[in-house]
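S.K.: okay, here's the prediction I keep looking at, along with the sequence it came from:
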Amino acid sequence: MVGKSSIVNVLEAGLRASDLRRKVIANNIANIETPGYRRSAVKFEDMLAEALDTSGGAGKKDLAGIKGELFQPGNTPLNAKGNDVNIEVEMGELIKTASRQKAYLRMLNKVYKQMELAMRDKF
């Protein structure tokens, strides 16, 4: 079972990954006309799932230390300039990232409110 502090660590890791994704997407868009530029992306969800996997113990990791990992997918079609940035794809990723970030913030806010209520009841 994941405790409150672990939940906070997961949500904070999600926020860090979202922030990194926004920066990567902005960089991709800024390089949309750069010849030979290959888009970058952020891997996070697989890393989080691995860290949360308690089966066998090998997957257990420090949840606070999870960060998104930068990679180049390299499986997207190239345009005439050898560039693979597609504005529709980047905007779609930006919308998904903003939605995730909003969800992480809302959940984190709820956890903190629950902690605050618990402290009020005890003192």
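M.R.: Cool, got the structure. Numbers count the residues shown, from 1 in each chain.
S.K.: excluding sequence neighbours, find me the nearest residue to residue 32.
M.R.: residue 85 (4.6 Å; CB to CB, 6 or more residues apart in numbering). Where you see a C-beta, it was placed from the backbone N, CA and C, and this is true even at glycine.
S.K.: the residue nearest the centre of the chain: what secondary structure?
M.R.: A centroid search over the chain (CA atoms, centre = their mean) returns residue 17, at 3.1 Å, as the residue closest to the centre. Three-state call for residue 17 (DSSP: H, G, I helix; E, B strand; the rest coil): helix.
S.K.: these two touch, right, it and residue 67?
M.R.: Yes: using CB atoms under 8 Å, residue 17 makes contact with residue 67 at a distance of 6.9 Å.
S.K.: quick revisit: any idea how many residues pack against the residue nearest to residue 32?
M.R.: Residue 85 has 23 neighbours, counted by other CB atoms under 10 Å.
S.K.: in a strand, it, correct?
M.R.: No: secondary structure of residue 85 (three-state DSSP): coil, not part of a strand.
S.K.: does it touch residue 39 like I think?
M.R.: Yes: using CB under 8 Å, residue 85 is in contact with residue 39, at 4.9 Å.
S.K.: CA atoms of stretch 99-119 as CSV?
M.R.: Extracted in CSV, the C-alpha atoms of stretch 99-119 (Å, rounded to 0.1, in the frame of the first residue of the first chain):
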residue,chain,number,x,y,z
SER,A,99,-4.2,18.1,-18.4
ARG,A,100,-1.9,15.7,-16.5
GLN,A,101,-0.2,18.6,-14.7
LYS,A,102,-3.6,20.0,-13.7
ALA,A,103,-4.7,16.5,-12.4
TYR,A,104,-1.4,16.2,-10.4
LEU,A,105,-1.9,19.6,-8.9
ARG,A,106,-5.5,18.9,-7.9
MET,A,107,-4.6,15.6,-6.3
LEU,A,108,-1.7,17.1,-4.5
ASN,A,109,-4.0,19.9,-3.2
LYS,A,110,-6.5,17.3,-1.9
VAL,A,111,-3.7,15.3,-0.1
TYR,A,112,-2.5,18.5,1.6
LYS,A,113,-6.0,19.5,2.6
GLN,A,114,-6.5,16.0,4.1
MET,A,115,-3.3,16.4,6.1
GLU,A,116,-4.3,19.8,7.2
LEU,A,117,-7.7,18.5,8.4
ALA,A,118,-6.0,15.6,10.2
MET,A,119,-3.7,18.1,12.0
